[in-house]
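Undergrad: model the following, please.
(chains A and B)
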Amino acid sequence: MSGSCHEPAVAVEAPRAPTITRRIALAGNPNVGKTTLFNLLTGLRQKVANYPGVTVERKSGRLVGHERIEVVDLPGTYSLNPRSIDERVAYEVLVGRMRGEPAPDVVVCVVDATNLERNLYLVSQIMDLGLPVVVALNMMDALAENGLELDVEGLARRLGVPVVPMVARKGQGVDRLKEILLRGVPPPPAERRWMLMPAVASVVEEMAQRLGEEAPDVPERQRFFEALSALTSDPLLETWQQRAPRFYEAALEARRDLEARRVPYRQAEMIGRYGWLSPLVAEVLRKRPDAQERTLSDRIDAVLTHRVAGPLIFFALLLLIFQAIFSWAVPFMDAIEAAVAWTGEQVRAVMPDGFLEDLIVDGAITGVGNVLVFLPQILLLFFFLGLMEDTGYMARVAFIMDRLMRRLGLSGASVVPLLSGYACAVPAIMAARTLDNERDRIITIMVTPLMSCSARLPVYTLFIAAFIPKIPVLGPFDTQGLAMFSLYLLGTGMAFVAAWVLKTFVFKGESAYFVMELPPYRAPQFKQIVYRMIDRAKAFVTRAGKIIFSLSIVIWFLASFPRAELDPELTTARQELETWYAHARDSLETVGAPVAAFEELEATYEERLAPIADAEAARQISQSFIGRLGHALAPMMRPLGFDWKITAGIISSFPAREVIVGTMATIYGVARASDDEIILREVLRADPAYSPLVAVSLLVFYVFALQCMSTLAIARRELGTWKWPAVMWLYMFALAYLFSLFIYQGGRLLGLG
Amino acid sequence: MTTLRDLRPGERGRVTGYVSDQLPPRLFEMGLLPGTEVELIRLAPLGDPIDLKVRGFHLSIRKHEAELILVERL
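TA: Modelled structure (predicted):
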């Protein structure tokens, strides 16, 4: 190696992943440790992409030490009779009908050993596809803790597929699994081991034959399963209408026939599979005499879902999370702010004064910095949400809240997307995919953006810090924290009202059914939570990088041009000051004054220059594009108590609400002085255009208004139409305007502000 | 005619059939089939939904569905 390491002698080619020769898919019920196993098998080099045409994440990686073997983590599913989009993806990959994704060569079916019967249901379905299957029997430790013993050999023999006992969270059994995978897994026995009731079986056999004639590309071993699915599931039947119309007709005919004979064909598959699995599990599972009737999980549940304690604990937890986010994050936020200010200074020191320097420092660095500051709070929020999900508490929240949520037109399962909405509406709207009822899903998506997301925090923080005095109330809580909490409460309350309105007037009728597993409580795996936090952080920083960076530059440009005409008075003042300064300097030089005298002069000069520079900056912004727009629209916003400056701020934050903080800083020309972090607060407080009443009106405006391009884009993608996102934007803007109007005018009538 | 809804917390029953054929297939996939033993563990704090123990795991369904499932008390 030569001394210089700036440029390598030979260009290093980016390592290209070798061609895939085998594909392993991980399938399994939700909450069985699938992702933990996936991380163990692939290490940390994972690729997250989307399946074509849908927004479901496709997580893949290469088997550690075997670059040619790809491992894909399928979404969790209870069966191959899909209802949600996530389940649909798992289904389509396994039957080999996902575009651009050949059927896997091997399926690792991850199974919770403490819940064998229901987990094996999916295994038996996958076996019917004829794909080689390995059962990864996870959570063997929990099984032992529950006082149960399992004959693993016997299970494997009876199922006819390899079974590997594991404790994925401790890494136990992974080597054995890899060994089996590398050795090659034979397809499961061709003979079906479960019995379908004869009346249905004969019909399905016939249909399978017809399918073979009409769609010979469906593998022979898969036909029986496909025919059975088409017979019993409407969405799965539909897919054949175009592809195999005679098969489709035959299925409809068969249904009519079975219905006429009163054969319970829709339950036939479940009865058949459980009819095989129940006795099978009874044979291999033994209870030790010391087995306890109530597991630890059951005892925890007795408290956390208790009729009185349950809701109280949930509410206290929410309050704690918020207070924690707003106090624990502070030191980190201060550090980021300092780092951003330092970066700006460094750039200023190197770059020549002028247009480009202003653009980069005031526009780009300050803009991105204003958003990066919220990273600690977002990470904390994702940490808590991850904790709730990982431990199994989130399902209890749905259980506790379902009754209330249903009254409002939502479902208990809507709680997860709604709570995620406190972090960011984009992942929250995506999380609504787990709702398998379309009506519940649309309503949930429509109201999720009312949950105060982290991008609202900058606005809340700035105006609360500036206008709400900090008075301790009780324990860790103070008035500013409570003000923050009430803003969150306001948004959440309105989300409920909006859901109720949508349910009552737009989507009439009963909410869908609610069938939800309450998974056993498990100790959280901090490593997994941290991985997920890092994922989120990356996504957030990329967003800050792309959207906010470019927006900041655009807004800086709109605020800097056209150049304001010079104010003769200010020009004169500046000239006078400069003449005075030059003169004073000269005389100091003549008398040979000490360095301290020069420094004192310099300080006086800067001090006198500041108000002039500020006045010039204010004049500039007032005459800039954004200032003109603010002036033009101010009459519309005046009834809400907003002057042209706030109006300009609001306009600038339509694409992303947090931008207003940067805009206000630019308008008040404090970006330049950003080494003093509280200066914007001080300046706002000093401006007579603001009163606490105006601040409250503005805060409420930001609680309601949908100022986020990303949310609209994701809602469009998830709902497949622009209609709902448009309605979403309009109703939220209307709420924002009306509430701010009401508050400002009402406050004035009461003599406030 | 006893339905799952009529069970009190702590009581066990065995599924004997259904009142309606409009029940969601997911319920059957979760194993709530004729002959299956269930225990009503508790009601949610607001009285609905309910927490059932079926085949060794906890399943939560609403009363609306529970009253469509026929059981015999054990």
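Undergrad: list the contacts for the closest residue to chain B within the stretch 151-300 of chain A?
TA: The minimum distance from the stretch 151-300 of chain A to chain B, using CB to the nearest CB, falls at A:Met270 (4.0 Å). For the C-beta atoms, the positions are set from N, CA and C on the backbone; glycine is no exception. A:Met270 makes contacts with A:Tyr121, B:Pro25, B:Phe28, B:Glu29, B:Gly31, B:Leu33, as judged by CB atoms under 8 Å, 6 or more residues apart in numbering or on different chains.
Undergrad: can you show me the strands along chain B?
TA: Using DSSP state E, the strands of chain B run over residues B:12-18, B:37-43, B:50-54, B:57-61, B:69-73.
Undergrad: neighbouring contacts of the fourth one?
TA: The list of residues contacting strand B:57-61 from outside it, by CB under 8 Å, 6+ apart, reads A:115, A:118, A:301, A:395, A:398-399, A:402, A:412, A:513-520, B:27, B:30, B:32, B:41, B:44, B:49-53.
Undergrad: let me know the angle separating it from strand B:69-73.
TA: 130 degrees (axes from the mean of the first three to the mean of the last three CA atoms, to 10 degrees).
Undergrad: strand B:57-61 pairs with which strands, and in what direction?
TA: strand A:515-518 (antiparallel), strand B:50-54 (antiparallel) (DSSP bridges).
Undergrad: rank those strands by mean pLDDT and give me the bottom one.
TA: Of all these, mean pLDDT reaches its minimum on strand A:515-518 (a mean of 90).
Undergrad: show residues contacting that one.
TA: With contacts defined as CB under 8 Å, 6+ apart, strand A:515-518 is touched by A:29-31, A:78, A:301, A:392, A:395-396, A:398-399, A:412-413, B:24, B:26-27, B:30, B:49, B:51, B:57-61, B:65.
Undergrad: which element follows that strand toward the C-terminus?
TA: helix A:526-543 (DSSP states H and E).
Undergrad: which secondary structure elements does that following helix sit against?
TA: helix A:34-42, helix A:375-391 (3 or more CB pairs under 8 Å, 6 or more residues apart in numbering or on different chains; DSSP states H and E).
Undergrad: helices of the stretch 151-300 of chain A, start to end?
TA: A:152-159, A:174-183, A:198-214, A:223-232, A:234-238, A:240-243, A:245-260, A:265-284, A:296-304 (DSSP state H, counting those that start in this stretch).
Undergrad: now do the same contact list for the closest residue to A:Leu379 other than its chain neighbours.
TA: Spatial nearest neighbour of A:Leu379, chain neighbours left out: A:Met533 (5.3 Å); criterion: CB to CB, 6 or more residues apart in numbering or on different chains. By CB under 8 Å, 6+ apart, A:Met533 lies in contact with A:Leu379, A:Phe382, A:Phe383, A:Gly386.
Undergrad: which of the residues you listed tops the neighbour count?
TA: Among these, A:Phe382 has the most neighbours (other CB atoms under 10 Å in any protein chain shown), with 24 neighbours.
Undergrad: coming back round to it: in a markdown table: the strands of chain B, plus mean neighbour count and distance to A:Asp358.
TA: Formatted as a markdown table, these follow (neighbours: other CB atoms under 10 Å in any protein chain shown; distance: least, CB to CB, whole Å):
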| stretch | mean neighbour count | distance to A:Asp358 |
| --- | --- | --- |
| strand B:12-18 | 16 | 73 |
| strand B:37-43 | 18 | 64 |
| strand B:50-54 | 21 | 62 |
| strand B:57-61 | 24 | 59 |
| strand B:69-73 | 18 | 71 |
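Undergrad: looking at these, which is closest to A:Leu94?
TA: strand B:57-61 (23.2 Å; CB to CB).
Undergrad: ok, back up a step: so which of the contacts of A:Met270 belong to helices?
TA: Mapping the contacts of A:Met270 onto helices (DSSP state H) picks out A:Tyr121, B:Pro25, B:Phe28, B:Glu29.
Undergrad: residues near the residue nearest to the last one when sequence neighbours are not counted, how many?
TA: Okay, so that is B:Glu29. Distances taken as CB to CB, 6+ apart place A:Ser79 nearest to B:Glu29, at 4.6 Å, with adjacent residues excluded. For A:Ser79, the count of nearby residues is 23 (other CB under 10 Å).
Undergrad: before we move on, what SS does A:Arg83 have?
TA: When classified by DSSP: H, G, I helix; E, B strand; the rest coil, A:Arg83 comes out as coil.
Undergrad: write out the residues of chain B neighbouring chain A.
TA: B:21, B:23-31, B:33-34, B:36, B:41-49, B:51, B:55-62, B:64-65 (CB under 8 Å from any CB of the partner chain).
Undergrad: which of the residues you listed are buried? Put it as a ChimeraX command.
TA: The following ChimeraX line selects those of the residues of chain B next to chain A that are buried, judged by 16 or more other CB atoms under 10 Å in any protein chain shown:
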select /B:23,24,25,26,27,28,29,30,31,33,36,41,42,43,44,45,46,48,49,51,55,56,57,58,59,60,61,62,65
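Undergrad: how about the contacts made by the nearest residue to A:Ile378 once chain neighbours are set aside?
TA: Spatial nearest neighbour of A:Ile378, chain neighbours left out: A:Ser454 (4.7 Å); criterion: CB to CB, 6+ apart. Neighbour list for A:Ser454: A:Phe374, A:Gln377, A:Ile378, A:Leu381, A:Tyr422, A:Ala423, A:Cys424 [criterion: CB under 8 Å, 6+ apart].
Undergrad: and these as TSV, adding pLDDT, neighbour count and distance to A:Thr492?
TA: Shown next, in TSV, are those (pLDDT from 0 to 100; neighbours: other CB atoms under 10 Å in any protein chain shown; distance: CB to CB, whole Å):
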residue	pLDDT	neighbour count	distance to A:Thr492
A:Phe374	70	22	20
A:Gln377	75	22	18
A:Ile378	73	23	18
A:Leu381	76	26	15
A:Tyr422	82	25	9
A:Ala423	76	24	14
A:Cys424	76	25	15
